[in-house]
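[1] With the input below, show me the fold.
(chains A, B and C)
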Amino acid sequence: MSPVLKFLDRLWQLPFLLVGYLFTWFGPFLRELGGMVIFFGMVIRSMFRRPFEWGELVIQLYQVGVKSVPIVIIAGLFVGAIVGLQFEYALGLFRANQYLGGIATSGLLREVGPVLVSVMVAGRVGAYITAELGTMKVTEQIDAVRCLGANPIQFLIVPRFIAVTVMIFVLTILGLIIATMGGALAAYILADMGVSKYFAGIRSLDAAWALFNGMAKAVLFGLLLSTISCYKGIMTEGGTEGVGKAVNSCLVTSSLAIFIVDYIIAGLSSLTFQVAESLLEFG
Amino acid sequence: MIEYKGVMKSFGGQTVLDGVDLAVKEGETFFVLGKTGAGKTVMIRMLVGLIRPDGGSIRMDGEELAGREEEDFQSIRRKCGMVFQLPTLFDSYSVFENVAFGLRRLGDVEEDEIFERVAESLRRVELDPEISERMPDELSFGEQKRVGLARTLVMNPKYLLYDEPTTGLDPFTAGKIDGLIKHLNESMNATSIVVSHDLMSMKNLADRVGVLWDGKFSFVGSVPEFMEATSESVLEFKKGLAEGGRKA
Amino acid sequence: MTAILKYPAVRTIVRALMQILYVARLGLTFEGIGNALLGFLETMGGIVSLLVQVLLFIPRPPYRFRALLEQCVVVGWNSIPLIAVTLGSLGMIVMLELDFQMDRLIHDIRFIPGVAGIMFFREFGAVVVAAMLAAKVGAGFTAEIGGMKTTDQIDALELMGVSPIHYLVVPRFLACVLMQVALSIIGLFCAFIMGHLASIQSFNYKYYLAMMNQFVNWPDFINLILKSLALGWVVPVVACYYGLKCRGGARGVGEATTKAVVTAILILIIIDFTIGVIADKLVTAVLSFA
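    Next up, the predicted model:
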């Protein structure tokens, strides 16, 4: 790396660090945020460096993805049913039952599905990644990786980062399908509403947009979760207790991030939908 | 040849190393004694770039190590084999993959050669190569430690750095590990630095001994010299060990 | 075919797949499936038996009010920022989404505050707070007790003749159940206020309250409290169960924490669903009687 680039590298870290030190109460939070942004940049840069660890990536895809499938299925099924039930009750109060399918599906695809899958996966995957990296940190395995001639970011972080991001996307799609089925099942079994009637309530443009929305969220949540969990793992300090604390803090940070980002996207998406619809109508 | 000159290091305002001067000759086994927190581990970690010195100079075969960046340490790390206090095996890899880890990082080693070198390395630490299919958590602690040793040896390092090799082991296993290290040092003709506070293994292994006291080497000499030394720090160190109930 | 194998990337991928098969080989056999089933039954049994033991220990002296207060601060007071932020955002999200959907599908946005109120009271108030507590407090319990277990402090307690369940789990259990109720109400309040702020352009204060009043009744509030009580036990019991069971140093503690959080959230969702179904049936049964 040339000295000019190195200087620029330091320079764009500077605002985060300066603002971080300005506030004592707000300071730790901003420093953490700055640290994560810098970490994210480091990971993205290391991603294109050779050699790429294909083997480690495949193992992590299995660990993160395949092993989370049962949890996503169970959670998706029940949450779909819960949302179906509650909307059925609420809509029943003003006799709008025939819209149940549309509202419940759209709500599941846009909001509940991505958030739920991300929170579940944060519990399963984010915590797993943090615990594994944290254990490797406190038992000096990361030092051993460095001594054996591998770059820990390239070898450990990049495969996990990619695996979590990709797998949250795939798991979210799976979760959305399962949750939609759960809603329809709940409506059929508990509210005596035929499946065809349930799905007839869905407007195709709404559903397509909702699906797109949910997927966009899934990508964003994936990036957030992978950054947070890897960062918390690699920053672990202080033995056995430190690992537990790191996992805990990873969970709290990721749930906060998920909810706040979700709100921002919900605000943006209702705006963009109007734009998209007007384009379609006039186009 | 490893030379320390005036190496300084402090952590959060507390000075750990305060001008360490030392020269380790080719082919010898140098033993660093000191109480916990004296900076012994810090000293050898500086050689592989896990910790950077605050000041002073460290030279390995004439190359300056202080002030290097992470990327520039790769060539140094190929020459140095670090054996950690814990086995530090990678839990998700089998024993074979653990030992082959460093070879695979080199990128241009053929699969057959990797297989041979791993088996040879496992035999060197007196383990059955059959063990290579198992996972680390199926092994005993002593076996894990040997696999860790094999993982370092497979790279054929010129310098071997042992961080408390016998701590946490019973005297029987510790004696075996000592014998293994001695045998390895002789057969590979490697230069090694052993960091420990175990006087038994010092007697077994050391060519020369140094006592790290208050951030400096207060004594450097051969084993008989150490046993007879009457300087204040050496006496205090021996007394401390004796009061702990572990006489040499 | 063999030509492909020359590429190092392909070789590493093949090797990784073989390693996965090697690790997963037990899971693919009948024995593996049986073991998984047994493990599931063991976990459920362990959680239920810990719950029963805790309930039996509660009335027994000595009463550790100081420990209870300390745990209440840890569980309740320290979680308020998290609960306020998550439930506040949730309130805004629900209003935004309902506004969008009701407008598109029903072309009628009059009832939005009411539907949102039902969502808050009957669903999110208790469940989301419990899930957040699982992440914040449950993981902390498992890490703390797991750390004590791996450093033999639990055994030391038993040697001194103190039951670790009585000493460690009971205060955490009581604090969690009490604070779950309190935090549900606080979280509901946050969601209520933020929901109003998010929809202030469509509904004024009076209309928002009037709609809430029309849809949400006392039974819904009682539903919230009962649900909080019914869900409150899950987090401390599951977290303490995994903490007390954990073995094997830093790695064990990390794994136990992960498992505790996932198991707790799954149990929460399943209980919530069951309560939802049973509550509806009960209400209809009572109404048909009356």
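
[2] How about the contacts made by the residue of the stretch 151-290 of chain C found nearest chain B?
    Nearest residue of the stretch 151-290 of chain C to chain B, counting by Cβ to the nearest Cβ: C:Arg251, 6.6 Å away. Using the backbone N, CA and C atoms, a C-beta is placed for each residue, glycine as well. The contact partners of C:Arg251, taken as Cβ atoms under 8 Å, 6 or more residues apart in numbering or on different chains, are A:131, A:135, A:139, A:243, B:91.

[3] can you check A:Leu211 too?
    A:109, A:176.

[4] same question, A:Ala184
    A:80, A:84, A:101, A:195, A:198-199.

[5] Of the contacts of C:Arg251, just the buried ones, ChimeraX syntax please.
    Entered in ChimeraX, the line below selects the buried ones among the contacts of C:Arg251, by 16 or more other Cβ atoms under 10 Å in any protein chain shown:
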select /A:131,135,139,243
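
[6] which one of the contacts of C:Arg251 sits closest to chain C?
    Among these, and counting by Cβ to the nearest Cβ, the member closest to chain C is A:Ala131, at 2.7 Å.

[7] hang on, that closest one in a helix?
    Yes. A:Ala131 sits within a helix when classified using DSSP: H, G, I helix; E, B strand; the rest coil.

[8] so it makes contact with A:Ser249?
    No. The criterion here is Cβ atoms under 8 Å, and A:Ala131 misses it with A:Ser249 at 11.9 Å.

[9] what's the spacing between C:Ile109 and B:Leu122?
    C:Ile109 sits 72 Å away from B:Leu122, going by Cβ to Cβ, to the nearest Å.

[10] With neighbour numbers in mind, choose between those two.
    Between C:Ile109 and B:Leu122, B:Leu122 has the larger neighbour count (other Cβ atoms under 10 Å in any protein chain shown), namely 25 against 16.

[11] State the helix or strand in which that one lies.
    helix B:111-124 (DSSP states H and E).

[12] what's the answer for B:Leu161, then?
    Under the criterion of DSSP H and E, B:Leu161 resides in strand B:159-163.

[13] ok, now A:Ala163?
    Using DSSP H and E, A:Ala163 sits in helix A:158-191.

[14] so who does A:Ala210 touch?
    Neighbouring residues of A:Ala210 by Cβ under 8 Å, 6+ apart: A:105-106, A:109-110.

[15] would you say it is within a strand?
    No. Under three-state DSSP, A:Ala210 sits outside any strand and is assigned helix.

[16] and the residue nearest to it when sequence neighbours are not counted, how many residues sit next to it?
    Of all residues not flanking A:Ala210 in the chain, A:Leu109 sits nearest, at 3.9 Å (Cβ to Cβ, 6 or more residues apart in numbering or on different chains). Neighbour count of A:Leu109, defined by other Cβ under 10 Å: 26.

[17] Which helix in the chain has the most residues?
    As the question left the chain open, I've gone with chain A. The residue-count maximum for a helix in chain A (DSSP state H) belongs to helix A:239-282.

[18] not quite, I wanted chain C
    Ranked by residue count, the top helix of chain C under DSSP H comes out as helix C:249-289.

[19] Can you get me a residue count around whichever residue of the stretch 151-283 of chain A sits closest to chain B?
    Using Cβ to the nearest Cβ, the closest approach of the stretch 151-283 of chain A to chain B is made by A:Asn151 at 7.8 Å. For A:Asn151, the count of nearby residues is 18 (other Cβ under 10 Å).

[20] sorry, back to before: show me which of the contacts of C:Arg251 neighbour chain C.
    Among the contacts of C:Arg251, proximity to chain C is found for A:131, A:135, A:139, A:243, B:91 (Cβ under 8 Å from any Cβ of the partner chain).

[21] Closest one of those residues to A:Gly55?
    Closest approach to A:Gly55 among the ones next to chain C among the contacts of C:Arg251 (Cβ to Cβ): B:Asp91, at 15.9 Å.

[22] can you confirm that closest one is in a strand?
    No. Per three-state DSSP, B:Asp91 lies outside any strand segment and is coil.

[23] Tell me the spacing between the residue nearest to it when sequence neighbours are not counted and chain A.
    Excluding its sequence neighbours, the residue lying closest to B:Asp91 (Cβ to Cβ, 6+ apart) is B:Pro136, at 5.8 Å. Distance from B:Pro136 to chain A, counting by Cβ to the nearest Cβ, to the nearest Å: 11 Å.
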